[in-house]
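Asker: sharing a model that was predicted from the sequence below.
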Protein chains: 2
Amino acid sequence: MKKFEEKTIEKEVLYEGKIINLQIEKVELPNGKQSAREIIKHPGAVCIIAITDEGKLVMVEQYRKALERSIVEIPAGKLEPGEEPIITAARELEEETGYGSEQLVHLISFYTSPGFADELVHVFVAKNLYKIENARGADEDEFVELEEITLEEAERYVAEQRIFDAKTAYAVQYLRLQKLIEQNKQD
Amino acid sequence: MKKFEEKTIEKEVLYEGKIINLQIEKVELPNGKQSAREIIKHPGAVCIIAITDEGKLVMVEQYRKALERSIVEIPAGKLEPGEEPIITAARELEEETGYGSEQLVHLISFYTSPGFADELVHVFVAKNLYKIENARGADEDEFVELEEITLEEAERYVAEQRIFDAKTAYAVQYLRLQKLIEQNKQD
């Protein structure tokens, strides 16, 4: 996995923030020439495809400052340092939705923007949901609104661009695929 | 789509780069308190789910400095200022794979990392591919290796984490879904 490797000649950290760092790396290309790469370092995140017993998707609507609008997403959150992703997933599910899950399973992990960021998102599927009494709430600066929607509603939200991010688009497609597989089994 | 809006009190641009800018915005939260948001501005991008007449996915392997490894992805590239995404898609397909397409169709657009970046990726499906003679090559600092793989190979690559990014994971799931829908039609 080192094909076309770009060796770092020089690295400069330009910003160390609350969530992301920015660094510029001067690299040597496979042809011997030099170039610069702008790289965002991110702690990584989890997201949860939480499916109710009625087959609905548990969603949160929140304002995203980067987009200057609110969108409807599956629950998600950043990893704390050293935290196992499944712990983060259980915590974020509780904090954002009030749900616990008796069946939390890792589905896939993917980088969101490999061209400039190392953010890795771990995707979990949560089933057998139950309401947690006195659930921990969201972070102090997080305002989210809970919604449970059918697959058909989710696909309408995609068409209307109310669902508008990669992980949630992946989740909606996943649910469509699972329903089709289920139907085929029953036929 | 302004639910829970966070009003900007102050904005500071910390870095203006080749591909990304970094800005910090001090915001007023819905509860009147203040917080800071770290935001990456990105010009946006396209990616192409290019499917050969044999039903194979056209992939490019390239080194991603942010990940310090190479991964296998669907063809993709950044928007030039003012460029229509479908133009970018046709150009990137040609430059990275040498293919033209007689049927290039917008499928979906999604934000890759709404928590900290405004990067919007437009996903296209390209069919009826043909080889372009004397196709324009990749950018000067881009080194990519072309590969055409079956859906089953793509799913193995996902399991092996050679395919490891959101847009390509979405593409593989899309192809699985389409094949299942096709099969059901024939039954």
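Answerer: Nice, I can see it.
Asker: use CA for all of it now, contacts and neighbours both
Answerer: Noted.
Asker: just give me the residue closest to the centre of chain A.
Answerer: A:Cys47 (4.1 Å; C-alpha atoms, centre = their mean).
Asker: tell me which residues touch that one, please.
Answerer: The contact partners of A:Cys47, by C-alpha atoms under 8 Å, 6 or more residues apart in numbering or on different chains, come to A:74-77, A:89, A:121-124, A:167.
Asker: how about A:Gln23?
Answerer: A:11-15, A:38-41.
Asker: which residue is the nearest non-sequential neighbour of it?
Answerer: A:Val13 (4.2 Å; C-alpha to C-alpha, 6 or more residues apart in numbering or on different chains).
Asker: kindly report the same for A:Leu29.
Answerer: Using C-alpha to C-alpha, 6+ apart, the closest residue to A:Leu29 is A:Glu6 (5.1 Å).
Asker: can you show me the strands along chain A?
Answerer: A:7-16, A:21-28, A:34-41, A:45-50, A:57-64, A:69-73, A:76-78, A:99-111, A:120-131, A:144-149 (DSSP state E).
Asker: coming back round to it: ranking the contacts of A:Gln23 by neighbours, who comes first?
Answerer: Highest neighbour count within the contacts of A:Gln23, by other C-alpha atoms under 10 Å in any protein chain shown: A:Ile40, with 25 neighbours.
Asker: ok, that one - contacts?
Answerer: A:20-23, A:116-118, B:66.
Asker: A:Gln186: which of the residues you listed is nearest?
Answerer: Within the contacts of A:Ile40, the smallest distance to A:Gln186 is 41.5 Å, found for A:Asp118 (C-alpha to C-alpha).
Asker: that older thread, what is the nearest of the contacts of A:Gln23 to chain B?
Answerer: Set against chain B, the nearest of the contacts of A:Gln23 by C-alpha to the nearest C-alpha is A:Ile39 (5.7 Å).
Asker: so the closest one sits against B:Ala66, correct?
Answerer: Yes. In this structure, A:Ile39 is within contact of B:Ala66 by C-alpha atoms under 8 Å, at 5.7 Å.
Asker: is the longest helix anywhere in chain A in proximity to chain B?
Answerer: Assignment by DSSP state H gives helix A:166-186 as the longest helix of chain A. Yes. Shown here: helix A:166-186 in contact with chain B (C-alpha under 8 Å from any C-alpha of the partner chain) through A:166-167, A:169-170, A:173-174, A:176-177, A:180.
Asker: could these go into CSV alongside pLDDT and neighbour count?
Answerer: Formatted as CSV, the residues of helix A:166-186 next to chain B follow (pLDDT from 0 to 100; neighbours: other C-alpha atoms under 10 Å in any protein chain shown):
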residue, pLDDT, neighbour count
A:Ala166, 98, 23
A:Lys167, 98, 32
A:Ala169, 98, 24
A:Tyr170, 98, 20
A:Gln173, 98, 19
A:Tyr174, 98, 17
A:Arg176, 97, 17
A:Leu177, 97, 19
A:Leu180, 95, 16
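Asker: just name the closest of those to B:Glu142, please.
Answerer: Comparing the residues of helix A:166-186 next to chain B against B:Glu142 with C-alpha to C-alpha picks out A:Ala166 as the nearest, at 24.6 Å.
Asker: contact partners for the closest one?
Answerer: By C-alpha under 8 Å, 6+ apart, the neighbours of A:Ala166 are A:112, B:110-113, B:166-167.
Asker: of the residues you listed - the most surrounded one?
Answerer: B:Lys167 (32 neighbours).
Asker: residues touching it, list them.
Answerer: Applying C-alpha under 8 Å, 6+ apart to B:Lys167 gives the contacts A:112, A:166, B:47, B:73-74.
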